[in-house]
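Enquirer: Let's see this in three dimensions:
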Amino acid sequence: MEHAYLGIDVGSISTKGVIIDKKNNILSSQYIWTQGDPIGAVKELVRLLEQGFDKEKYKIVATGTTGSARKLVGTILGATMVKNEITAHAVGTTTFYPDVRTILEIGGQDSKIILVENGVAVDYAMNTLCAAGTGAFLSSQAKRLGIEVEEIGDYALRSTHPTQIAARCTVFAESDLVHKIQMGHPREDIIAGVCNAVAANYLNNVGKGKKIVSPVVFQGGVSKNEGVVAAFERTLGCPVIVDPNGHLMGALGVAILARRGSKRQEFDFAIENMEFRTREASCGGCSNRCEIICVYRGDELIDSWGNRCERGARVRS
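Expert: Numbering: from 1, shown residues only. Below is the predicted model:
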């Protein structure tokens, strides 16, 4: 039976998963909404991945997790590899684009930039408070304009005179957009202006002070928006590569890291039928009084973290 490797990327908005073979070919993949429930999302993701996976030919021997809930999900899945998003995205992208120098990534609520030299990530930055350069901003503006977010690209590409939209922050951009609607600007010009605002906000905030060098790879859910891709190309003055699986790159990267790692543990799809819960405990073992997150499978404590000394290593709530 051939070996396969599972990678899962759990974000605040979406949860992504891939199963790859030893040559990094995708055997099964899924992209679903997290909906504020990372445990429930991962169980549903595993169920969907299993449907498209040939268990007669392959068995999963290593599992990797990344994203904002990587440790929680890694505990639940028995992951052999847990890595941050920067590392996962860099590894995934450089595997498929060895010459890449700049990685632009925009997700639902966050975004990041990674600078690469000789196949190694040498610098990065992430957005902090402003959401004007993210997918959530695009979704809210599409709703305001009465269109589906998937239609934004088509509208933007039809524009011949994009409307100037303030790009400093979400509040300014939204109020400016309402003003331009009231002034009677054509819808396609406003939408093109929104795409330009997303690119400008990203470059002025996340990319501030960074030297962006070609080849440039754009990934994350927003990379599927042709209007934003075109805005980046106009602003940067160079082609922007969008991989068909760019929205899965974090999951791909951590699956590749799991494959490269030395630890092996066969994955059991029955995880989808198990019950997990988390509880917060306060450790009174010392003056730190650490807040510890405990993860239970049924009544069994399977992991905990948050302690700053060994006294809180396995506190039960």
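
Enquirer: For the stretch 51-200 of the chain, which segments are assigned as strands?
Expert: For the stretch 51-200 of the chain, applying DSSP state E, counting those that start in this stretch gives strands covering 58-67, 81-82, 102-106, 111-117, 120-126.

Enquirer: Would you mind finding the most buried of those?
Expert: With neighbours taken as mean count of other C-beta atoms under 10 Å, those reach their highest mean count in strand 102-106, at a mean of 27. C-beta here means a position set from N, CA and C on the backbone, and glycine is covered the same way.

Enquirer: just checking, what packs against that strand?
Expert: Here strand 102-106 is seen to pack against helix 85-96, strand 111-117, helix 187-205, strand 216-219 when contacts are counted using 3 or more C-beta pairs under 8 Å, 6 or more residues apart in numbering; DSSP states H and E.

Enquirer: what helices or strands is the first one leaning on?
Expert: Of the remaining helices and strands, those touching helix 85-96 by 3+ C-beta pairs under 8 Å, 6+ apart are strand 2-10, strand 58-67, strand 102-106, strand 111-117, strand 120-126, strand 216-219, helix 249-260.

Enquirer: for those, which one sits closest to V91?
Expert: Distances from V91 to each of the helices and strands packed on helix 85-96 were compared using C-beta to C-beta; the minimum, 4.1 Å, belongs to helix 249-260.

Enquirer: Specify the next element, helix or strand, located C-terminal of that closest one.
Expert: Moving toward the C-terminus from helix 249-260, the first helix or strand encountered (DSSP states H and E) is strand 276-282.

Enquirer: got the buried residues for that following strand?
Expert: Residues 276, 278, 281 are the ones in strand 276-282 that count as buried (16 or more other C-beta atoms under 10 Å).

Enquirer: Mind listing residues that contact that strand?
Expert: 39, 72, 76, 289-297, 304, 315-317 (C-beta atoms under 8 Å, 6 or more residues apart in numbering).

Enquirer: Likewise for stretch 79-88?
Expert: Here stretch 79-88 has contacts from 7, 9, 62-68, 70-71, 73-74, 112, 114, 121, 124, 249-251, 253-254, 257-258, 261, 263-265, using C-beta under 8 Å, 6+ apart.

Enquirer: quick one on the thing from earlier: lowest-confidence stretch among the helices and strands packed on strand 102-106?
Expert: The weakest mean pLDDT among the helices and strands packed on strand 102-106 belongs to helix 187-205, with a mean of 88.

Enquirer: How far off centre is it?
Expert: What separates the centre of helix 187-205 from the centre of its chain is 21 Å, taken as C-alpha atoms, centre = their mean, to the nearest Å.

Enquirer: swap in stretch 283-298?
Expert: Stretch 283-298 has its C-alpha centroid displaced from the chain centroid by 28 Å (C-alpha atoms, centre = their mean).

Enquirer: Pull out the buried residues from that stretch.
Expert: Within stretch 283-298, the residues that qualify as buried by neighbour count (16+ other C-beta under 10 Å) are 283, 290, 292-296.

Enquirer: Show the contacting residues for S28.
Expert: When contacts are taken as C-beta under 8 Å, 6+ apart, S28 is in contact with 18-19, 49-53.

Enquirer: Where neighbours are concerned, which of these has the most?
Expert: By neighbour count, taken as other C-beta atoms under 10 Å, the most surrounded of the contacts of S28 turns out to be V18 (29 neighbours).

Enquirer: so it is in which element?
Expert: strand 14-20.
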